[in-house]
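S.K.: Need the 3D shape of this:
(2 chains)
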Amino acid sequence: MECTVRTEGPYTIVALSGEVDLYYSPKARENILLHLNKKCNVLVDLSAVSYIDSSGVASLVEGFQLARSNKADFGLVGVSHAAMQVLQLARLDKVFPIYSTVAEATANK
Amino acid sequence: MATGATNEPIIAIDNLVAHYGKRKILDDVSLTVNRGEVMVIMGGSGSGKSTLLRHLLGLNKPTAGAIRILGHDLTKINRKEMYKLRREMGVAFQGGALFGSMTVGENVQLPLREHTKLDDNTIRIMARIKLEIMNLAGFEDLMPSELSGGMLKRAALARAVIMDPKLLFFDEPSAGLDPVVSAELDELILRLRNALNITMVVVTHELESAFKIADRITMLDQGKVIFTGSVPEIRASTNERVQNMIHRRPRTEDVDTEAYLHRLTGQRPQA
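M.R.: Below is the predicted model of the structure:
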């Protein structure tokens, strides 16, 4: 798994790629929570995620919960088909704000 | 029929022979299970289904033959490798096998606490996600004895998939359940496979369930594989024992007089 961070407009984009599994999800979690603790608005880019397991999904849930506590924005962007199937299984596609692009998220802000 | 299978074998069984004492239970069983496939093992009582499952789990050593799972030869694997391999495998046992002294949530979390160093909050959320998927949201604080049969099966399934295994074994998912709950569990099995691409081996003697979830079915009879194929292929099979099984016809067996008398009297007939 790769995890890169960039700033785009009002958002800090945490971009994950490859397999987000039991071994790598702690790194994804650390990055997501780090920027939320800095009171940033965070979008997690899942467009290059080939696989995400429930530990990865749990990290996203933790991020969303922390963002709500901080009154910050949190969303998912460019969710890959593989990631969407896992989100749909747990009906979390109806819970997270999901955007096709960062521009769409910015327009909805 | 379900979809999503590819041709790379996750399980390869070659000429497996197994005994309990002198009694041969599995006789020259060969079988492959492909990635993402739901393979249903069917057969009557005493056909060898459970023994085959025990061998696939590495609980029994075969008398002869080979079993490869996720690239590991189970007849040659050492204890450390087997421990590692088991992290990739989930098992939902027939009776649930939940720990009666732990809550449902604690049972589901247990493999993560035993095998990972994930944050406590992550573990709790992961377990709750799995309970949500199994329609058991809000039941995490109950004890297993407070659950119905169908809920126990679903809780056991939640624990079996908590580590997101590559391979799931499910022993008799429908046993003891009413038809509606059984159908719901079948749906759940297919949703899990489709979303997580888990390869599944399901042991059952419930025809309706088998026909709904299987990509392929292997039928065992007296320890031998008498059929492996898709649901349409099993329906079209001309094998009498296969047809007896799928049409629920009782077996008619010829009686070997000498052998029968020997079993009853313990004595060989005099020459």
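S.K.: Phi and psi next, for the residue most central in space within chain A.
M.R.: The centre of chain A sits closest to residue A:44, judged by Cα atoms, centre = their mean, with a distance of 2.8 Å. With angles defined as degrees, to the nearest 10, residue A:44 sits at phi -100, psi 120.
S.K.: who touches the closest residue to residue A:61 other than its chain neighbours in this structure?
M.R.: Using Cβ to Cβ, 6 or more residues apart in numbering or on different chains and skipping the chain neighbours, the partner closest in space to residue A:61 is residue B:125 (5.2 Å). Heads up, the C-betas are built off the backbone N, CA and C, glycines and all. Going by Cβ atoms under 8 Å, 6 or more residues apart in numbering or on different chains, residue B:125 touches A:58, A:61, A:62.
S.K.: On the pLDDT front, check residue B:235 for me.
M.R.: With respect to pLDDT, residue B:235 scores 89.
S.K.: Look up the closest residue to it, ignoring the ones flanking it.
M.R.: residue B:246 (7.0 Å).
S.K.: And the closest residue to residue B:48 other than its chain neighbours, how close does it get to residue B:63?
M.R.: Among residues not flanking residue B:48 along the chain, residue B:223 sits closest, at 4.3 Å (Cβ to Cβ, 6+ apart). The span separating residue B:223 from residue B:63 equals 12 Å under the rule Cβ to Cβ, to the nearest Å.
S.K.: Can you work out which residues contact both of those two?
M.R.: residue B:18.
S.K.: So which of those two has more stuff around it?
M.R.: Higher neighbour count among residue B:223 and residue B:63: residue B:223, with 22 against 13, using other Cβ atoms under 10 Å in any protein chain shown.
S.K.: now that one: how far from residue B:146?
M.R.: When residue B:223 is compared with residue B:146 (using Cβ to Cβ), they lie 40 Å apart.
S.K.: Next, the buried residues of stretch B:44-51.
M.R.: The neighbour-count check on stretch B:44-51 (16 or more other Cβ atoms under 10 Å in any protein chain shown) flags B:44, B:47, B:48, B:49, B:50, B:51 as buried.
S.K.: Output these in CSV; the columns should cover distance to residue B:58.
M.R.: As requested, the buried residues of stretch B:44-51 are exported to CSV (distance: Cβ to Cβ, whole Å):
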residue, distance to residue B:58
B:44, 25
B:47, 21
B:48, 17
B:49, 17
B:50, 15
B:51, 13
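S.K.: What is the most widely separated pair among the residues you listed?
M.R.: B:44 and B:51 (13.5 Å; Cβ to Cβ).
S.K.: near chain B, which residues of chain A show up?
M.R.: With Cβ under 8 Å from any Cβ of the partner chain as the criterion, chain A comes near chain B at residues A:21-22, A:25-26, A:29, A:53-55, A:57-59, A:61-62, A:85-86, A:88-92.
S.K.: ranges for the strands of chain A?
M.R.: Counting by DSSP state E, chain A has these strands, from start to end: A:2-8, A:11-20, A:41-52, A:74-77, A:98-99.
S.K.: Same list, the ones you listed, but as a markdown table with distance to residue B:236 please.
M.R.: A markdown table is the format used below for those (distance: least, Cβ to Cβ, whole Å):
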| stretch | distance to residue B:236 |
| --- | --- |
| strand A:2-8 | 49 |
| strand A:11-20 | 40 |
| strand A:41-52 | 37 |
| strand A:74-77 | 46 |
| strand A:98-99 | 45 |
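S.K.: where among those strands is the average confidence lowest?
M.R.: Among those, strand A:2-8 carries the lowest mean pLDDT, at a mean of 87.
S.K.: Now tell me what touches that strand from outside.
M.R.: A:12-18, A:27-28, A:31, A:35, A:48, A:102, A:106.
S.K.: I would like a ChimeraX command selecting only the buried ones among those, please.
M.R.: In ChimeraX, this line selects whichever of the contacts of strand A:2-8 come out buried by 16+ other Cβ under 10 Å:
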select /A:12,13,14,15,16,17,28,31,35,102
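S.K.: From the contacts of strand A:2-8, pick the one nearest chain B.
M.R.: residue A:28 (10.7 Å; Cβ to the nearest Cβ).
S.K.: how about that closest one, what does it touch?
M.R.: The neighbourhood of residue A:28, defined by Cβ under 8 Å, 6+ apart, consists of A:1, A:3, A:14, A:16, A:20, A:56, A:59.
S.K.: ok, now with 6 Å
M.R.: Residue A:28 is in contact with A:3, A:16, A:20, A:59, counting by Cβ atoms under 6 Å, 6 or more residues apart in numbering or on different chains.
S.K.: how many neighbours does the nearest residue to the third one once chain neighbours are set aside have?
M.R.: Using Cβ to Cβ, 6+ apart and skipping the chain neighbours, the partner closest in space to residue A:20 is residue A:56 (3.6 Å). Counted with other Cβ under 10 Å, the burial measure for residue A:56 works out to 29 neighbours.
S.K.: I'd say residue A:56 and residue A:26 touch.
M.R.: No - the criterion here is Cβ atoms under 6 Å, and residue A:56 misses it with residue A:26 at 9.8 Å.
S.K.: Next, the buried residues of stretch A:29-41.
M.R.: Applying a neighbour-count criterion of 16+ other Cβ under 10 Å, one finds A:29, A:31, A:32, A:33, A:35, A:36, A:40, A:41 buried in stretch A:29-41.
S.K.: how many neighbours does residue A:10 have?
M.R.: Counted with other Cβ under 10 Å, residues neighbouring residue A:10 total 13.
S.K.: how close does it get to residue A:26?
M.R.: Per Cβ to Cβ, residue A:10 is found 27 Å from residue A:26.
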